[in-house]
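Enquirer: Got a sequence here, can you build the structure:
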Amino acid sequence: MRTTEPIRCILRQKGGQVYWLGPDATVYDAIALMSEKSAGALLVMKDGRLVGIISERDYARKVVLEGRSSRETLVGEIMTSPVRVVGPEETVDECMKMMTGARIRHLPVVDGERVLGIVSIGDLVKWTVSRQEETIEQLHSYIGGAYPG
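Expert: Residues are numbered from 1 along each chain as shown. Predicted structure coming up:
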């Protein structure tokens, strides 16, 4: 089943709350904020512009495995940059393909340089499953004769 709704629909449902920090913050601060907000990634912003993204994966691979200190390492040293982004009109399917193809779990949604929100692969899966459930309910109603028309 194709999911052709624009990604802005997911943002509208989940809200545009974005957690972020600057590139000069420590990785420890980033991990603490991720833990506090139950987020798997944070945007990295400088002067109101998106300059990177830091995820739990970045922490594991670029700090833990390299034996670095999270209290001494700066976010700017390990963040992923440039960031893959999408516009609000990209479809859920297009975003899912981009995320699975690039093996990323978080995708900022931007309009020009303005960050509107961020979606995770979990958000996309949840959206897709809910749409499939709606379709199944409609088909059951139609088959059972409760479909108007």
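Enquirer: Sticking with the closest residue to residue 107 other than its chain neighbours, tell me its helix or strand.
Expert: The spatial neighbour of residue 107 that comes closest, neighbours along the chain excluded (Cβ to Cβ, 6 or more residues apart in numbering), is residue 119 at 5.3 Å. From N, CA and C alone the C-beta is placed, and that goes for glycine too. Using DSSP states H and E, residue 119 maps to strand 114-120.
Enquirer: so how far is that strand from its chain's centroid?
Expert: For strand 114-120, the gap between its own C-alpha mean and the chain's C-alpha mean amounts to 7 Å (Cα atoms, centre = their mean, to the nearest Å).
Enquirer: How about residues contacting it?
Expert: Residues lying outside strand 114-120 but in contact with it, judged by Cβ atoms under 8 Å, 6 or more residues apart in numbering, are 7-8, 10-11, 14-18, 20, 40-41, 43, 45, 50, 88, 95, 105-110.
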